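Trainee: With the input below, show me the fold.
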Amino acid sequence: MSAKKLFEILVGLLVYLLITLLWFYYAVPSMWESGTEAALITAGFGSMLWFCATTCIAVYIVQRTRP
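Mentor: Next comes the predicted model:
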């Protein structure tokens, strides 16, 4: 594996982890604390979007590793 490809993978992983941490440790708790309906709906849809993106990433990785 070339150094450029490894760098791209590691940067992508870092971005994914940062977005995940920011969403679940910063955005969602503040939305829950506010308690408005719009904030709770946004938190729910955002979490569903995160789950769909994570599932798509996992499926992509599994398909790429198959011979």
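Trainee: Alpha carbons of the lowest-mean-pLDDT helix or strand in the chain, in CSV - could you do that?
Mentor: Taking mean pLDDT, DSSP states H and E as the measure, helix 28-34 is the helix or strand of the chain with the lowest mean score, a mean of 88. The C-alpha coordinates for helix 28-34 follow below in CSV (Å, rounded to 0.1, in the frame of the first residue of the first chain):
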residue,chain,number,x,y,z
VAL,A,28,-27.0,15.8,20.8
PRO,A,29,-26.7,16.4,24.5
SER,A,30,-27.4,20.1,24.0
MET,A,31,-30.4,19.3,21.9
TRP,A,32,-31.8,16.9,24.6
GLU,A,33,-31.3,19.6,27.2
SER,A,34,-33.2,22.2,25.3
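Trainee: So what's the gap between it and the chain middle?
Mentor: The chain centre lies 18 Å from the centre of helix 28-34; the measure is CA atoms, centre = their mean, to the nearest Å.
Trainee: Equivalent analysis for stretch 4-14, please.
Mentor: Remark: stretch 4-14 is offset 16 Å from the chain centroid, using CA atoms, centre = their mean.
Trainee: ok, back up a step: tell me which other helices or strands the least confident helix or strand of the chain touches.
Mentor: With contacts defined as 3 or more CB pairs under 8 Å, 6 or more residues apart in numbering; DSSP states H and E, the packing partners of helix 28-34 are helix 37-65. For glycine as for every other residue, the C-beta is placed from the backbone atoms N, C-alpha and C.
Trainee: mind listing what's buried in the least confident helix or strand of the chain?
Mentor: 28, 31 (16 or more other CB atoms under 10 Å).
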